[in-house]
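Engineer: Prediction below, plus the sequence it came from.
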Amino acid sequence: MLLFHTTSAETAELILTDGFRDGDQPYRTARLVDGDLWLTVTPCRGVFFSDRPFRSNFPMLKWGESPVTFTIEIPAEEADVFELTDSPEQVAPEIERELEDLGLVFCREWCLPAALVNQCEIVAIERASHSADMWGGSPAIASD
């Protein structure tokens, strides 16, 4: 399966030099409890990947910076145990609609150990133009 990791150009250079590194990062989840939308944050250790590439508006970027997306190929059976629980098919439709109204879009996500990721093949490295939309589909993507 192909998975995507989006980061800044500065961090992409470090990945190319030293490989992926585990980080302690928050994972945000959304749940509907008694008709109210609850957003929670759970700590994760590893490297975040998704089933879609982020293209812009990525939270770790400086204003005007274009993101860099790594595409890796990993066997599904190795990635599956690290999939995060609030993937699209596991989220109630009413939560998804409320989050879409806030401008958020669901994707499947994984928090993979860097040791596993560094054994995988990097099949593409892409830098999005600043004008590209958040979830891809823009012709403004150029491979490095």
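Structural biologist: That came in fine, so what should we check first?

Engineer: Could you pull out the strands in this structure for me?
Structural biologist: Under the criterion DSSP state E, strands of the chain are mapped to 2-7, 23-33, 36-50, 68-73, 109-112, 121-127, 142-143.

Engineer: List the buried residues in the first one.
Structural biologist: Neighbour-count burial for strand 2-7, counted by 16 or more other CB atoms under 10 Å, picks out 3-7. Backbone N, C-alpha and C define where each C-beta goes, glycine included.

Engineer: can you list those residues in TSV and add distance to D22 and pLDDT?
Structural biologist: TSV is the format used below for the buried residues of strand 2-7 (distance: CB to CB, whole Å; pLDDT from 0 to 100):
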residue	distance to D22	pLDDT
L3	16	96
F4	18	94
H5	13	93
T6	17	89
T7	14	88
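
Engineer: rewinding a little: buried deepest among the strands of the chain, which one?
Structural biologist: strand 109-112 (a mean of 22; mean count of other CB atoms under 10 Å).

Engineer: Name the surrounding residues that touch that strand.
Structural biologist: Under the contact criterion CB atoms under 8 Å, 6 or more residues apart in numbering, strand 109-112 has outside partners 3, 25, 27, 44-51, 74, 79, 82-84, 86-87.

Engineer: Low-confidence ranges, this structure, go.
Structural biologist: By pLDDT under 70, the low-scoring segments of the chain are 30-33, 35, 37, 54-64, 85-106, 129-144.
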